[in-house]
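Participant: here are the coordinates; sequence isn't available:
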């Protein structure tokens, strides 16, 4: 079940973590906009969060604080109270205008947070909401020409998350680890950096995060960032690959000229693998683009026949 949370509510400075949590619990009880009134008890709210009817007295007290905050701030309206039951009008919880911002968490995520031991679940839920809120709705990530998705990647810094959530850096670091361990978020941590050639300044590429089910998109976006910005390791790898190919091409010419005695078995095997790979590339290009000029780039492989230590394609498939 998806919980569509209004930004003006979860960012309301008058609302404590208890009010925010109670808001989420109530929102999980309302299936659609046609149902605007609701009867709840503190026990029901507790069950929505924890999946248990055996919560502590202190936990019920915090939910009552949260419920009172929602009523005092006119986020919900208390119509009637009878014994332990509260009749609430919840029509203000819905997103009714096009210009209303929101974020979406799921009922399962909320409950998983409150079933996490040895952590302040109220603060953890708040941080999770703001973390999910920071996932971009404007970034569309393509795996290929047909598979693409948005609202999957976030790349905000700790400083930004501290500012919007009001939590300390240590809390954010600690809660991030908890969310990872609970498999509520996935983080692609960058070990790469950008090098400004003009002033020599180094800046690390940001970590990319999102939900675990979007791992393929997160990893793809992180890799695309390295290509887009020309990260140091990416550039270095590309240069190294280009140099390696250039060297193998030069050795091939030497083999073609009958100077194979200058190279060892490993070098000759690498040249053979390089030539086969290049030939297949040009064959595919010729077929794909219907351009036979690519076939002119194909290199001879018969020069490798005298090297019995090379495993040919036919040997591999025997």
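Facilitator: Good, I have the coordinates. Predicted, not measured: the structure shown is a model, and the values here were computed from it. Numbers count the residues shown, from 1 in each chain.
Participant: which residues are contacting the helix or strand harbouring residue 161?
Facilitator: Take DSSP states H and E as the rule and residue 161 turns out to sit in helix 158-165. Contact partners of helix 158-165, identified using Cβ atoms under 8 Å, 6 or more residues apart in numbering, comprise 11, 126-127, 130-131, 133-134, 167-169, 172-173. In short, each C-beta sits where N, CA and C put it, glycine included.
Participant: would you say residue 116 is within a helix?
Facilitator: No: secondary structure assignment places residue 116 outside any helix; it is coil (DSSP: H, G, I helix; E, B strand; the rest coil).
Participant: from residue 121, how far off is residue 175?
Facilitator: Applying Cβ to Cβ, to the nearest Å, one obtains 10 Å for the distance of residue 175 from residue 121.
Participant: now do the strands in the stretch 1-150 of the chain.
Facilitator: Listed in chain order, the strands found in the stretch 1-150 of the chain under DSSP state E, counting those that start in this stretch are 2-6, 37-40, 77-82, 85-89, 102-106, 140-142, 148-150.
Participant: domain ranges for the protein?
Facilitator: Here the chain is described, according to automatic domain parsing, as comprising the domains 2-115, 149-230, 254-316.
Participant: for residue 175 and residue 121, indicate the residue with more neighbours.
Facilitator: For the pair residue 175 and residue 121, the greater number of neighbours falls to residue 175 (24 against 20), based on other Cβ atoms under 10 Å.
Participant: and the gap between the more buried one and residue 120?
Facilitator: Distance, residue 175 to residue 120, using Cβ to Cβ: 9 Å.
Participant: how many neighbouring residues does residue 305 have?
Facilitator: By other Cβ under 10 Å, 9 other residues sit near residue 305.
Participant: low pLDDT regions in the chain?
Facilitator: Counting by pLDDT under 70, the chain contains low-confidence ranges at 190-205, 226-242, 310-318.
Participant: need the domains of the chain in a markdown table with distance to residue 248, can you?
Facilitator: As requested, these are exported to a markdown table (distance: least, Cβ to Cβ, whole Å):
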| stretch | distance to residue 248 |
| --- | --- |
| domain 2-115 | 51 |
| domain 149-230 | 24 |
| domain 254-316 | 4 |
